[in-house]
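**Q** return a 3D structure for these sequence lines:
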Amino acid sequence: VPPAPPAPPAHSPAQPPVLSAPSSDPHASIAAAVESGRYGEAEVLAAHHEQSALRAHGPASDEALHWIEVRADLAMMAGDPVRSCRAWLMVASARLSAGQAPDAPAVEAAVDRAHHQWGRIDDTASACELGSTLAELRARVPGRRRGALENVRQRLRQLQVSG
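**A** Numbers count the residues shown, from 1 in each chain. Predicted coordinates:
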């Protein structure tokens, strides 16, 4: 059974941004770009903040991982499940490598979101590539929904037969 769709991102601004004036809140600026359909601009802004967080806090820091999560959500909103899945897999792996427990809510959420986005990938080669990584993570992070690992394995078998 595939995981439920992800909850709305926790980093969304509470109020809609004012489009006429630049905002000092990077999330508001990103949200304004998304609301205007400027996903590329939103991605560039998030990548800039991610790089700043990487330099200031390191690759496994909550600050850097937050911006990767933002970029994963942006890819999802832009209709790019491959990029979104890849980013969520990166977040989950980084959190596990940093010593977070497989049942930590942030780890489970990242794997669940990767799984959800993976289920939306139409390209067989990309689905197989990312599915192998997802299966490895699912073996470590089974999540709260029964059968998630078996769901990945079953789809991978189907992809290999049809591909």
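
**Q** which parts of the chain are helices?
**A** Secondary structure of the chain (DSSP state H): helices at 26-35, 39-57, 62-77, 81-97, 105-118, 124-140, 148-162.

**Q** got those helices as a markdown table, with mean pLDDT and mean neighbour count columns?
**A** For every residue, glycine as well, the C-beta is placed using N, CA and C. Listed next are those as a markdown table, based on pLDDT from 0 to 100; neighbours: other Cβ atoms under 10 Å:
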| stretch | mean pLDDT | mean neighbour count |
| --- | --- | --- |
| helix 26-35 | 94 | 20 |
| helix 39-57 | 95 | 16 |
| helix 62-77 | 96 | 21 |
| helix 81-97 | 97 | 22 |
| helix 105-118 | 97 | 23 |
| helix 124-140 | 96 | 18 |
| helix 148-162 | 93 | 15 |
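
**Q** tell me the contacts of the residue most central in space within the chain?
**A** With distances taken as Cα atoms, centre = their mean, Trp88 lies nearest the centre of the chain, 3.1 Å away. Residues in contact with Trp88 (Cβ atoms under 8 Å, 6 or more residues apart in numbering) are 69, 72, 110-111, 113-114, 117.
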